[in-house]
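>>> Any chance you could fold what I've pasted below:
(chains A, B and C)
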Amino acid sequence: MYPDYMLESIKKVEQTRPQRFELAKKHGKQVYPPMGEKERGDILANYHPDYKDDALREVQVGPNKGEKLTAKVSDMLESHTRIDPKKFDLNKPDHVTDVLVIGAGSAGMSAAITAAGNGSKVIIATKLRLGDSNSMMAQGGIQAADQKDDSPILHYLDIMGGGHFDNKPELVKAFVKDAPSAIKWLSDLGVMFDKNPDGSMMVKPGGGTCRSRMHSTRDYTGAGICRVLRDEVYNLPDKIKYLEYNPVVELILDDKGQAAGAITYHLGTKQYSIIKAKSVIISTGGYGRLHIRGYETTNHYGATADGLMLAYRAGVKLLYMDSVQYHPTGAIFPEQIVGFLCTEKIRTMGAQPVNKNGELFVYPLEPRDVEASSFIRESHERNLGITTPKGLRGIWLDSPLVDMINGEGAINKYLPAMHRQYARFDIDIAKYPMLVFPTLHYQNGGIEINKDAETTIPGLYVAGEATGGVHGRNRLMGNSQMDLIVFGRRSGLHASERVKKGVKFGKMSLEHVYSYEKEVDEINIDKNKIAPILLPDYIPNHVKEKQVDTEYFGTLI
Amino acid sequence: MKIPYYPGCTLKSTAKHFENSAIESAKALGIEFVELPKWNCCGVVTPLAEDDIMHHVAPVRNLIRVLEMNKSGAVNDEKRLLTLCSMCFNTLKRSTLRIKEKVDDLDVLNDFMYKEEDYDGSVEVVHFLEILRENGFDEIKKQVKKSLENLKIAPYYGCMLLRPKDIGIDDAERPTIFNDLLTSLSAEPIEWRAKNKCCGSFLTLDNKEIVSRLGYDILTNAQKSGADLIVTSCPLCAFNLDNRQKIIKQKHPEFEEIPVLYFTQLMAIAFDLDKEVMGLDGNYINPVPLLESKGIL
Amino acid sequence: MMKSKENMVTVYIMGDAYNVPESSTIITAMEYSGFQLTTGVGCREGFCGACATIYREKGDYKLKGGLACQTVVTDGMTLAQIPFMPAEKPIYDLKELKPDINTIKELFPTIFRCVSCNTCTKACPQDIDVMDYIQALKKGNIAEAADISFDCIRCGLCALRCPAEIVQYNAATLARRLYGSYLAKKSPEVDESIEDIKAGKYDKELEELTKMDRKTLSEKYYARETKLR
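Residues are numbered from 1 along each chain as shown, chains lettered A, B, ... in the order given. Here you go, the predicted model:
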């Protein structure tokens, strides 16, 4: 439960709630004027963490050398390889397959199912278990313009505007055109989308959308999808083989510069394996566990940007790696859930952000970067935030409005995960607001691909959060879930088509690892700094000092 | 002579001296006890346990739901639980009686529950037939719209409705409740020997042989006693008597099939309710030709 | 208001005593004590079910279960890790199935061994009425089972404690997939939108948009009408 001093502030929130409810009845979602182009630009420049002086740093190695990237990303990219390439005899692969999928979130599993359906033999190599991913944790929804009052055109505009027009047009076009079929594909696989009594999809708006096109499976949208895909992978044992606890630590190319496989490392037995494959799909997700700028994250334990490192070392350019998504509403109280996601769906269903006096200060559904910046301004610059016993500062998300607007029991029915999360700490979000502040959520940029999800390396595909370009410099709610399916399926399809056409391998090679090592050596990087990071390191220093010869997965954090 | 020997726990502890004397005197006679290499308790503990509480956890959880319905206002001060199936009736009622017998066990039972409130022993379990009797058979008579006059019906009681005595809803040997119902529905109940014979119950799952043998006896007895059809009060009896006629027919080609109805189906027919409500298409032996020939349908 | 120093409690990790901050969850307590986790850990937010574990609290004879990332430690707690949850899962082709009780019987015969002991429900860290959905499946009510089991994260604690050896969460997955693909009402508007796209209804306009300069696109974006339901 909240301490007394917070309850004092909550009283003020309760006092203004009836007025704000009237406002919502009158104006729908638009209880506060949305910002125009200039306002958005100003608030981002002044308050978004990406715009701080030390946010970016020129990367000194690799394909993006000389470009300013998020500092922590530059740090990671300037790392040594985990392997000694000399020790691997690439002529003796442990596994041979048509398509290798690296990572098993919704993008990877969509790719695997699609490739298998198109006749390819597939191996999934994943760091933890099948489905252990950010995909599983997504809550709010998945966007597709499949309603009568909507169109792919409007979806296109929303995505471009939300991404500040930095998106890659061919990717966005592919995205909006594929989205409705992706919904159907998932439906046929047995995903239980929320529906109206007549069977039509129950859609909600999202931050930065001009129509209601957010499909959901309660507030377990990611899980609702991901657990179905996982079950489908389990059901295809003859076509898809999966290697769990087996992260990929380097890609293998051939001397013609094509993708040719990868090297995996088993977290338990510590054995390395060589996988030879005609097509390789990277679907390793994002980088939340790098804790950029010290932010807590909503991300999975394994979200350490492994795929980014793999592709970059192999010579693929990264796009928009200067842009980080902070989700506006991360929990900051109780302390056990600091950084956890409070889904945007809560605002979608009518909850309003208010300051310590219970006053509205922003349109609740701005694009995420704008919304997050306004929270930072309200709590830190204007000093109208609420401070937790641990010293964190945030604003209230007035969740009881959800029940007032949608009818009693709406929170329990449509936001069961959120309700449960807080109930574990004796807070009923149908009665009390939630204390929130932006939290590290999403890697806006990533590995560059074309509309077929292929990179500049023939046979190397990327899907999901690991890619860059789809969302420009800011992703909208519900578009990552759709991204996983659209480009998961595209990558699976084109990877398997390539296999069908026939792949002529050259000599298997780790030359790219040697040459990247040389670059890293030239800037005198500590030998112990290696990447992919694989897992973050949360052992406190006083313990670590005594773990003299312990091997650490993480070397950065 | 060497013989495998099972000592048991007592002979190894408090009765060690008996074991020694046994082994040594046997030796004197040239008999050698060879102890089992790995032996466990003979199993006496389980059958000795008087506690059968685990059997009552599931029934009692259902009884608690009755209390919850009273509390929530779904029903008004009605602590009787109505059942249709004789088997369920018997099982649930047995638990109510078992708890009345040993009220102290309530604490242990309630410990097994989770979010449910405590059971207090106050629920009574009744079969629909009892409610009909209490309501008055004259009330049924008033609702009859289709006469069943020409229909000779064998009322099949089975076991679970009548036995054991403290659970049974009627005299175990000379029951009348079903006959009274049939009479009030304007049908003619016949008197027959097999009315309370066992149908084979759950043996139907893994020993269809026995079930069809019992069924053959019951069905032919009904036919010899002049019945046109049989009515049951239990879905399992109905299944065994109805569906197992397939096997009976295979074994006894001369056997003539006889329809088996559930008692509420007969009520629906007499009350002239919708065809869908009668649900006659769910029965294995189609009763429609018979009912039509009697001018009922 | 600000706490100066965190209070510590003693927990027993696989038997050994460690002092950890009292606000720790089982996961962070283990990490604080020096264990770097590679199994039995996942999303750390209660969504993935990787960290289901068992523990005992001081003075309590009961073996409790929970998610290690969501369970706050208590003084004297004895805890452990369950690295992996083995389970049988029948292989099926969803397209070949019928959404009825016979499918359930064939693929999950074990659920008919349920004795209604409710241990599964007591074990569930998501507070799902696990026994109730197993009972619903026993009655052939797939829709009800899909609804009740919706919040399942497949942590496996129900199956771990079930005396009838039922793998509840796999049965629930099947129920939800059967519901989603067969029993849920169809959404014709989705098919219609797919047809429109296939027929090329938006191709020309989309093509123009992809070629549009930033300024014109921005104007178009800020001028678009917002109509939210």
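
>>> lowest confidence element among the helices and strands of chain B?
Across the helices and strands of chain B, mean pLDDT, DSSP states H and E gives its lowest value to helix B:45-48, namely a mean of 69.

>>> what residues go with each domain of the chain?
Picked chain A for this. Chain A breaks down by automatic domain parsing into domains covering A:4-31+A:326-440, A:96-323+A:444-508.

>>> that answer is for a different chain, and I need it for chain C
Using automatic domain parsing, chain C is parsed into the domains C:8-79, C:94-183.

>>> Could you point out which residue ranges in the chain have low pLDDT?
By default, I'm working from chain A. A:550-557 (pLDDT under 70).

>>> not quite, I wanted chain C
Ranges of chain C meeting pLDDT under 70: C:1-5.

>>> Assign a three-state SS to the most centrally placed residue in it, would you?
In chain C, the residue lying closest to the centroid (C-alpha atoms, centre = their mean) is residue C:153, at 1.4 Å. Assigned with DSSP: H, G, I helix; E, B strand; the rest coil, residue C:153 falls in the coil class.

>>> tell me, what residue is most central in chain B?
residue B:87 (3.0 Å).

>>> Spit out the contact partners of it.
B:160, B:201, B:234, B:236 (C-beta atoms under 8 Å, 6 or more residues apart in numbering or on different chains). For every residue, glycine as well, the C-beta is placed using N, CA and C.

>>> Next, the residue in the stretch 151-300 of chain A that chain B sits nearest to: phi, psi?
Residue of the stretch 151-300 of chain A nearest chain B, by C-beta to the nearest C-beta: residue A:218 (21.7 Å). Residue A:218 adopts backbone torsions of phi 50, psi -140, taken as degrees, to the nearest 10.

>>> Could you do the one 3 residues further on as well?
When read as degrees, to the nearest 10, the backbone of residue A:221 gives phi -60, psi -50.

>>> quick one: contacts for it?
Contacts of residue A:221 (C-beta under 8 Å, 6+ apart): A:138-142, A:215, A:478, A:481.

>>> from those, which are also near chain B?
Contacts with chain B within the contacts of residue A:221, as defined by C-beta under 8 Å from any C-beta of the partner chain: none are present.

>>> where's residue B:98 relative to chain C, distance?
Residue B:98 sits 16 Å away from chain C, taking C-beta to the nearest C-beta, to the nearest Å as the criterion.

>>> And the next helix or strand past whatever helix or strand that residue lives in?
Residue B:98 is part of helix B:86-101 when elements are defined by DSSP states H and E. Toward the C-terminus, helix B:86-101 is succeeded by helix B:105-112 as the next helix or strand (DSSP H and E).

>>> okay, how far is it across stretch A:36-55, tip to tip?
From its first residue to its last, stretch A:36-55 covers 25 Å (C-alpha to C-alpha, to the nearest Å).

>>> Give me the buried positions along that stretch.
Residues of stretch A:36-55 classed as buried: A:40, A:43-44, A:47-50, A:55 (neighbour count, 16 or more other C-beta atoms under 10 Å in any protein chain shown).

>>> got a list of contacts for the helix or strand harbouring residue C:146?
Per DSSP H and E: residue C:146 is located in helix C:142-148. Applying C-beta under 8 Å, 6+ apart, the contact partners of helix C:142-148 are A:192, C:99-100, C:104, C:128-129, C:132-134, C:136-137, C:171-172, C:175-176, C:178-180, C:183.

>>> residues in contact with residue 113?
If you meant another chain, say so; for now it's chain A. Applying C-beta under 8 Å, 6+ apart, we find residue A:113 in contact with A:229, A:232-233, A:236, A:240, A:492.

>>> should've been chain C
Counting by C-beta under 8 Å, 6+ apart, residue C:113 touches C:164-166.

>>> For the one residue sitting closest to the centre of chain A, which non-adjacent residue is spatially closest?
Nearest to the mean C-alpha position of chain A, by C-alpha atoms, centre = their mean, lies residue A:442 at 4.3 Å. Once flanking residues are discounted, residue A:442 sits nearest to residue A:325: 3.7 Å by C-beta to C-beta, 6 or more residues apart in numbering or on different chains.

>>> Tell me the buried residues in the helix or strand harbouring the one you found?
Element membership for residue A:325 (DSSP H and E) is strand A:324-331. In terms of neighbour count (16+ other C-beta under 10 Å), strand A:324-331 has its buried residues at A:324-331.

>>> Also stretch A:513-533?
Neighbour-count burial for stretch A:513-533 [16+ other C-beta under 10 Å]: A:513, A:516-517, A:520, A:525, A:530-533.

>>> Nearest to residue A:72 among the contacts of residue B:87?
residue B:236 (68.3 Å; C-beta to C-beta).

>>> what's next to the helix or strand that that closest one is a member of, contact-wise?
Per DSSP H and E, residue B:236 falls inside helix B:235-242. Contact partners of helix B:235-242, identified using C-beta under 8 Å, 6+ apart, comprise B:84-87, B:156, B:158, B:199-202, B:204, B:211, B:214-215, B:218-219, B:230, B:232, B:259-262, B:283-285.

>>> Tell me the buried residues within those residues.
B:85-87, B:156, B:158, B:199-201, B:204, B:211, B:214-215, B:218-219, B:230, B:232, B:259-262, B:283, B:285.

>>> thinking again about what came up before, tell me the one of the contacts of residue A:113 nearest residue A:95?
residue A:240 (12.7 Å).

>>> Setting aside sequence neighbours, what's the nearest residue to residue A:277?
residue A:100 (3.6 Å).

>>> Roughly how far does the one you found sit from chain C?
Using C-beta to the nearest C-beta, residue A:100 is found at 22 Å from chain C.

>>> and that residue, bridged to which residues?
With DSSP bridges as the criterion, residue A:100 is bridged to residue A:123, residue A:280.

>>> Could you pull up phi and psi at residue B:282?
phi -90, psi -10.

>>> per-residue pLDDT, it?
On the pLDDT scale, residue B:282 is placed at 93.

>>> Quick one: the helices in chain C, in order.
Remark: helices assigned in chain C by DSSP state H are C:26-32, C:101-107, C:119-123, C:130-138, C:142-148, C:157-161, C:168-178, C:188-198, C:203-211, C:214-223.

>>> Tell me which of the ones you listed lies nearest to residue C:39.
Closest among the helices of chain C, using C-beta to C-beta: helix C:26-32, at 11.7 Å.

>>> still on that earlier bit, just the helices of chain C: most buried one?
The highest mean neighbour count among the helices of chain C, using mean count of other C-beta atoms under 10 Å in any protein chain shown, belongs to helix C:168-178: a mean of 26.

>>> Contacts (any at all) between chain A and that helix?
Yes. Using C-beta under 8 Å from any C-beta, we find that helix C:168-178 touches chain A at C:173-174, C:176-178.

>>> per the record, what domains does chain B have?
Taken from automatic domain parsing, chain B resolves into B:2-48, B:54-128, B:136-293.

>>> Just the terminal-to-terminal distance for the second one.
Okay, so that is domain B:54-128. 27 Å.

>>> same check, this time on the last one
Distances were taken as C-alpha to C-alpha; on that basis the terminal residues of domain B:136-293 are 31 Å apart.

>>> for stretch B:142-161, same thing?
So stretch B:142-161: terminal residues 26 Å apart, C-alpha to C-alpha.

>>> chain center to it: distance?
On the basis of C-alpha atoms, centre = their mean, to the nearest Å, stretch B:142-161 sits 20 Å off its chain's mean C-alpha point.

>>> Would you agree the residue of the stretch 151-300 of chain A closest to chain B is in contact with residue A:418?
No. The pair residue A:218 / residue A:418 is not scored as a contact, 9.9 Å apart, by C-beta atoms under 8 Å.

>>> neighbour count winner among the two?
residue A:418 (25 against 20; other C-beta atoms under 10 Å in any protein chain shown).

>>> what helix or strand is the closest residue to chain C within chain B on?
Using C-beta to the nearest C-beta, the closest approach of chain B to chain C is made by residue B:58 at 3.5 Å. Assigned by DSSP H and E, residue B:58 belongs to helix B:54-72.
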